[in-house]
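> just the structure for this:
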Amino acid sequence: MKQSGVRWWTLGLVTLLAGMGLSACGSSSQTVTGEAEILRVQRRLWATRSVNSYRYRLQYLAFAPRDLTVPVVIEVRNGTPVSITPDDPEVTVDPNFFSRVDTVEELFDEIERVIETDPATITVEYAPDFGYPQRLSVDQIEMAVDDEFTYTITDFEFLL
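Residues are numbered from 1 along each chain as shown. This next block holds a predicted model:
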């Protein structure tokens, strides 16, 4: 059992990391709890920005078929996804696969779902000024093969 001084120090560190928009990674439930707090802070920051129309490039990295791992450009207008376009015009993607991550709010929900599974390792990076996720890397089971996945969010653009 940990002493209360260690808990307070850890809580202070989590608060500091959340305020800086950074994330921690590791395999303990305490780290997952820290990620949950950081997620809450970043979600609030995003909400204060009142951004409803934007575009971003998303790539799912995993041991998966090309139609799932090809980068796609997702456009959102007034909070609703309006298009999902693969970078490679020769690849057809299933929009349903991306429906869990086709808005910033859905990306936040996906991070929350992952945190609830208590993965072996989770690393989340957020945009410092706006709070939207830029990278989610997960290893569900330590020492398992092919269970890791990553979402990268790049080329974020605000639309009028």
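
> wait, doesn't A120 sit right on I141?
Yes. Applying Cβ atoms under 8 Å, one finds A120 in contact with I141, separated by 5.8 Å. Using the backbone N, CA and C atoms, a C-beta is placed for each residue, glycine as well.

> in terms of neighbours, single out the busier of these two.
When A120 and I141 are compared for neighbours, A120 comes out ahead with 18 against 11, by other Cβ atoms under 10 Å.

> now the residue nearest in space to the middle of the chain. Nearest residue, chain neighbours left out?
Of all residues in the chain, the one closest to the mean position by Cα atoms, centre = their mean is L136, 4.1 Å from it. Nearest-residue entry for L136: Y151, 4.5 Å, with adjacent residues in sequence omitted and distances by Cβ to Cβ, 6 or more residues apart in numbering.

> contacting residues for that neighbour?
The neighbourhood of Y151, defined by Cβ atoms under 8 Å, 6 or more residues apart in numbering, consists of 58-61, 101, 107, 110, 133, 135-136.

> before we move on, what about L136?
107, 110-111, 114, 122-124, 150-151.

> phi, psi of it?
phi -130, psi 120 (degrees, to the nearest 10).

> hang on, the earlier thing: now the contacts of Y151: which count as buried?
Buried by 16 or more other Cβ atoms under 10 Å: 58, 60, 101, 107, 110, 133, 136, out of the contacts of Y151.

> quickly list what the first one is bridged to.
In this case it means L58. Taking DSSP bridges as the rule, L58 bridges to V72, I153.

> thought P71 was touching it, still the case?
Yes. Between L58 and P71 a contact is recorded at 6.9 Å, counting by Cβ under 8 Å.

> could the contacts of L136 be laid out in a markdown table, adding pLDDT, distance to D67 and secondary structure?
Below are the contacts of L136 laid out as a markdown table (pLDDT from 0 to 100; distance: Cβ to Cβ, whole Å; DSSP: H, G, I helix; E, B strand; the rest coil):
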| residue | pLDDT | distance to D67 | secondary structure |
| --- | --- | --- | --- |
| L107 | 98 | 20 | helix |
| E110 | 97 | 19 | helix |
| I111 | 97 | 24 | helix |
| V114 | 96 | 22 | helix |
| I122 | 94 | 26 | strand |
| T123 | 94 | 26 | strand |
| V124 | 97 | 25 | strand |
| T150 | 97 | 17 | strand |
| Y151 | 97 | 16 | strand |
